[in-house]
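> Next input, structure requested:
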Amino acid sequence: MKQQLLQTNQVEINTESFGNPNDPPVLLIMGAMSSLDWWDEKFCERLAAKGRYVIRYDHRDLGESVVYEPGTSNYTITDLADDAFGILDAYSIEKVNIMGMSLGGMIGQIMAIKHPERVLSLTIHASSVFGTEQAELPQMDQKILDFHGKSTSINWADKEEAVAYLADGWAVLSGSKPFEKKRMYALAEREYTRAKQIQSRFNYMFLGGGEEYFDRMNEITVPTIILHGTEDRALPLEHGQALAKAIPHAELVTLEGTGHELHTDDWEIIIDAIVRNSSVVS
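Residues are numbered from 1 along each chain as shown. Below you'll find the predicted structure:
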């Protein structure tokens, strides 16, 4: 693994890369309020071992990237897409295969619409359509909202309490597969330890923008695979089904018993989808 702090799009973005730079590049784009840590290092290494050059990174307000005052709104989802293009420029990557989870999948959609000449393939997990149709689909489980409603009472200076909140947030998102408590607590501890300002993660509650890219999924022409858990309570399966219908020729792969998560039981399926999708064009 190689870390690089980049000055791009007028901000500092932290990145980590795995594998051979001469291999087909894959940019991993994580969801809202989630640092690069949640692309498990072993996941990245396994993907790189399949002959892919893997890059993961911290969004703004997360990890070691630029942070802003908690409770403020300083950027849009389009800015986040531009950050991703800036990473490609810094790595001298002209065209890339994108793997996006949740919000990352929507950022990937914007990228494929805004600069289609730079996107080779899209693999999207636990995400949704980017546009007006999303409001018509089943909404987030109230248990998730209730859990995160407790965030204001967390003592963020108490590492043990904060790590438990970060890890247990994934437990609320999990499906019927066993919650990987030890692994998630280890990742949460790494996220907490690396974070410049952990509470800035909640600035994603104010994220907006990108309206100029609403309902334009039919313009996406690159090979696309949609992965979605059958027990996703944050973005229920109907979101993945709608996205697969909206993107021409997209393939839908359902993950039985999976929630809004990257469960190790699914790694082989997910990695296979990324490799297979990127092999079409690489």
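
> OK, contacts around residue 72?
Listed by CB atoms under 8 Å, 6 or more residues apart in numbering, the contact partners of residue 72 are 203, 206. (C-beta placed from N, C-alpha, C; glycine too.)

> Could you verify that it is part of a strand?
No. With DSSP: H, G, I helix; E, B strand; the rest coil as the criterion, residue 72 is coil rather than part of a strand.

> State the distance from residue 93 to residue 178.
With distances taken as CB to CB, to the nearest Å, residue 93 is found 37 Å from residue 178.

> Which of these two has more residues huddled nearby?
Counted by other CB atoms under 10 Å, residue 93 and residue 178 do not tie: residue 93 has more neighbours, with 16 against 10.

> Wait, that one touches residue 24, no?
No. Using CB atoms under 8 Å, residue 93 is not in contact with residue 24; the gap is 10.0 Å.

> so residue 277 makes contact with residue 223?
Yes. At 5.3 Å, residue 277 and residue 223 qualify as touching, with contact defined as CB under 8 Å.

> in this protein, which residue is closest to the centre?
Central residue of the chain (CA atoms, centre = their mean): residue 30, 1.9 Å from the mean position.

> residue contacts, it?
Neighbours of residue 30 in contact, by CB under 8 Å, 6+ apart: 36, 38-39, 56, 59, 101-104.

> any low-confidence regions in the stretch 101-250 of the chain?
Within the stretch 101-250 of the chain, the set of residues satisfying pLDDT under 70 is empty.

> what about the helices in it?
103-114, 142-148, 159-173, 181-194, 237-246 (DSSP state H, counting those that start in this stretch).

> can I get the ones you listed in JSON lines with mean neighbour count and distance to residue 121?
Output for the helices of the stretch 101-250 of the chain, formatted as JSON lines (neighbours: other CB atoms under 10 Å; distance: least, CB to CB, whole Å):
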{"stretch": "helix 103-114", "mean neighbour count": "26", "distance to residue 121": "9"}
{"stretch": "helix 142-148", "mean neighbour count": "13", "distance to residue 121": "30"}
{"stretch": "helix 159-173", "mean neighbour count": "18", "distance to residue 121": "26"}
{"stretch": "helix 181-194", "mean neighbour count": "17", "distance to residue 121": "27"}
{"stretch": "helix 237-246", "mean neighbour count": "20", "distance to residue 121": "15"}
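
> With distance to residue 66 added, can I get the ones you listed in JSON lines?
Listed next are these as JSON lines, based on distance: least, CB to CB, whole Å:
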{"stretch": "helix 103-114", "distance to residue 66": "17"}
{"stretch": "helix 142-148", "distance to residue 66": "23"}
{"stretch": "helix 159-173", "distance to residue 66": "20"}
{"stretch": "helix 181-194", "distance to residue 66": "14"}
{"stretch": "helix 237-246", "distance to residue 66": "30"}
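
> Just the strands from this structure, written as ranges.
2-8, 11-18, 25-29, 53-57, 96-101, 119-125, 224-229, 251-255 (DSSP state E).
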